[in-house]
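> Okay, sequence plus prediction incoming.
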Amino acid sequence: MKVLLDVGVSPRLRRPLREQLGVVAVESAELHNWGSLRDDELLAAAKRGGFTAFVTTDKRMAAEQPHAPVAIIAVDHGTRAGLVAGAAGIAEAIRSTRPGEHRLVPIARVRR
């Protein structure tokens, strides 16, 4: 299993997701210089790169890309603190969502 984080998702989520998922590669689209790709191109690049799940803040992506080659996990907002606090729920969605499926993970707002 390999997980790709969209450009709008804090790369600081990588560590908590790896801790939740065990020995799993969690990488960011920025790391691969894929920030300028259209959604369909990004999902195709993810598939070619061996990724099985894609985490994004774009809740419309699943509807706009109904035949995605990877699982799409959408989170309802992308604040770093919220994402880190919601890592367990995101990890569960990654484990239970298959390529071509999508899931929306609600993230509780975290106050600083």
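Thanks, I have the structure now. Residues are numbered from 1 along each chain as shown.
> which residues of this structure score low on pLDDT?
Low-confidence segments of the chain, defined by pLDDT under 70, are located at 78, 109-112.
> for it, what spans make up the helices?
Along the chain, the stretches classed as helices by DSSP state H are 14-21, 39-48, 61-64, 80-85, 87-96.
> OK, contacts around Arg103?
For Arg103, the contact set (C-beta atoms under 8 Å, 6 or more residues apart in numbering) comprises Ala71, Ile72, Ile73, Ala74, Ala93, Ser96, Thr97. Yep, even glycine has a C-beta here, placed from its N, CA and C like the rest.
> 6 Å instead, please
Residues in contact with Arg103, defined by C-beta atoms under 6 Å, 6 or more residues apart in numbering, are Ile73, Ala93, Thr97.
> Now do the residue nearest to the spatial centre of the chain against Glu19, distance only.
For the chain, the residue sitting closest to the mean C-alpha position, by C-alpha atoms, centre = their mean, is Val55 at 1.0 Å. To Glu19, Val55 is 15 Å away according to C-beta to C-beta, to the nearest Å.
> just to revisit the earlier point, could the helices of the chain go into JSON lines alongside distance to Gly8 and mean neighbour count?
Formatted as JSON lines, these follow (distance: least, C-beta to C-beta, whole Å; neighbours: other C-beta atoms under 10 Å):
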{"stretch": "helix 14-21", "distance to Gly8": "14", "mean neighbour count": "17"}
{"stretch": "helix 39-48", "distance to Gly8": "12", "mean neighbour count": "17"}
{"stretch": "helix 61-64", "distance to Gly8": "11", "mean neighbour count": "15"}
{"stretch": "helix 80-85", "distance to Gly8": "10", "mean neighbour count": "17"}
{"stretch": "helix 87-96", "distance to Gly8": "14", "mean neighbour count": "18"}
